[in-house]
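S.K.: Below are the sequence and a predicted model; questions follow.
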Amino acid sequence: MRIEDIAKKMCAKGKGILAADESTGTIAKRFKSINIENLEENRLTFRQTLFNSSGMKDYIGGVILFDETIKQKSTFGPTIPELISKHGVIPGIKVDKGAKALAGSSEETVTEGLDGLRERLKEYYSLGARFTKWRAVYKIGDKYPSMQSIKSNAHALARYAALVQEANMVPIIEPEVLMDGSHDIEKCYQVTTNVLNECYNEIEIHKVDLKGTVLKPNMIIPGSDCKKNSSSEEIAKRTLDCLKKNVPSKVPGIAFLSGGQSEIEASKNLNEINKINDTNFLITFSYGRGLQASALKEFGKDQKNIENIQKAFNHRAKMNSLSSEGKWSQNLEKETAA
């Protein structure tokens, strides 16, 4: 399959991306919140339960995996990539090595992981991955993000994307402007504009084929400590305007991160964006907590109750699928998953 076809399939109508690429440290925090020990077998049990849910084939186009997970075998036979592919879903892999302190601006970060990436990509391809993800992180403050942070992260994202396409995979480009802080929605809009502009400047310089990429951005949203709330309608309007002005039209799909929003907020805001989407972009979700939080609670109650864990996941996947088509409503949240 050509990379442009893979990119479209990942974001196909009514489908989105499950971000199940939490590092061992991040999933430790999630498990701690439900009093589950962070053991490899528990991580495998939780993830394979999600990947074997009926909602996978109906609502999910791709799954982002972590290095440990892509190399695992399910307890009932197939490897994890085989299990995902069985449902007609594309396996993907997080390839960055995390955000590290930026020299010269120690309060900010630059994402590392380019060293040895070409060789790692060959291995991941052989394991079944057909797309990848790299996340850059930008914090908003009085002095931040600095031009140094914006430029160094954009350069790394572009080099990563070029290497991934060389390996015949689709790069997800994730420049995340964090929700943390007291900034208003206008500040988020300005910073996201600057970040996207620099990313696409570098992507052009590095000769990346835009048709074989997917963008995973933040929504235009006020900071988590902002005293002035914004309605979902305002968030949708500002987000779509920012995308239209700063994302090249050749990019086929935009899959939003949930970035600290609650499950309901993430679905509601995505729905409002799609209700007014007058672009050619396939606009969908690439959620971690926005798809897994309820399922994780059920896992904490009883790891062996596969039916309840899958029911919770299927419901969230269905709700976000509806949001990706602008068909979600609060009333539908009261439905239990089919």
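M.R.: Okay, I see it. Not measured: the values here are computed from a predicted model.
S.K.: Which stretches in this structure count as strands?
M.R.: Counting by DSSP state E, one finds strands in the chain at the ranges 16-19, 60-65, 90-94, 99-102, 105-111, 131-138, 170-177, 214-215, 253-256, 282-287.
S.K.: Any chance of CSV for these, columns mean neighbour count and mean pLDDT?
M.R.: From N, CA and C alone the C-beta is placed, and that goes for glycine too. Rendered in CSV, the data for the strands of the chain read as follows (neighbours: other C-beta atoms under 10 Å; pLDDT from 0 to 100):
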stretch, mean neighbour count, mean pLDDT
strand 16-19, 30, 98
strand 60-65, 29, 98
strand 90-94, 27, 98
strand 99-102, 14, 96
strand 105-111, 17, 94
strand 131-138, 24, 98
strand 170-177, 27, 98
strand 214-215, 28, 98
strand 253-256, 26, 98
strand 282-287, 27, 98
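S.K.: Which one of the ones you listed lies nearest to F299?
M.R.: With C-beta to C-beta as the criterion, F299 lies closest to strand 16-19 of the strands of the chain, at 15.1 Å.
S.K.: In the chain, which residue sits furthest out from the middle?
M.R.: Distance from the C-alpha centroid of the chain peaks at G104, with 28.8 Å (C-alpha atoms, centre = their mean).
S.K.: my guess is it contacts Q148, does it?
M.R.: Yes - counting by C-beta atoms under 8 Å, a contact exists between G104 and Q148, whose distance comes to 6.0 Å.
S.K.: Any idea which of the strands of the chain gets closest to N269?
M.R.: Of the strands of the chain, nearest to N269 by C-beta to C-beta is strand 253-256, at 8.1 Å.
S.K.: Can you list the strands that the closest one pairs with?
M.R.: Sheet partners assigned to strand 253-256 using DSSP bridges are listed as strand 214-215 (parallel), strand 282-287 (parallel).
S.K.: export the ones you listed to a markdown table and tack on distance to N320?
M.R.: Output for the strands paired with strand 253-256, formatted as a markdown table (distance: least, C-beta to C-beta, whole Å):
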| stretch | distance to N320 |
| --- | --- |
| strand 214-215 | 16 |
| strand 282-287 | 5 |
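S.K.: Show me the one of these that comes nearest E68.
M.R.: Distances from E68 to each of the strands paired with strand 253-256 were compared using C-beta to C-beta; the minimum, 19.9 Å, belongs to strand 282-287.
S.K.: For F299, list the residues it contacts.
M.R.: By C-beta atoms under 8 Å, 6 or more residues apart in numbering, F299 lies in contact with 34, 36, 46, 49, 309.
S.K.: Relative to L83, how far out is the fourth one?
M.R.: Looking back up the chat, that one is T49. 11 Å (C-beta to C-beta, to the nearest Å).
S.K.: same deal with Y59?
M.R.: Separation of Y59 from L83 (C-beta to C-beta): 16 Å.
S.K.: More neighbours: those two, which one.
M.R.: Here Y59 and L83 are set side by side on neighbour count (other C-beta atoms under 10 Å), and the busier one is Y59, at 25 against 22.
S.K.: separation between the more buried one and N194?
M.R.: Here Y59 is placed at a distance of 34 Å from N194 (C-beta to C-beta).
S.K.: got it, and L114?
M.R.: Shown here: L114 relative to N194, a distance of 23 Å by C-beta to C-beta.
S.K.: sorry, back to before: so what pLDDT did the residue farthest from the centre of the chain get?
M.R.: Among the per-residue scores, G104 holds a pLDDT of 94.
S.K.: Enumerate every residue touching it.
M.R.: Counting by C-beta under 8 Å, 6+ apart, G104 touches Q148.
S.K.: how about 10 Å then?
M.R.: Counting by C-beta atoms under 10 Å, 6 or more residues apart in numbering, G104 makes contact with 110, 146, 148-149, 152.
S.K.: For these, could you give me a markdown table that also reports distance to F256?
M.R.: Output for the contacts of G104, formatted as a markdown table (distance: C-beta to C-beta, whole Å):
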| residue | distance to F256 |
| --- | --- |
| V110 | 23 |
| S146 | 25 |
| Q148 | 27 |
| S149 | 22 |
| S152 | 24 |
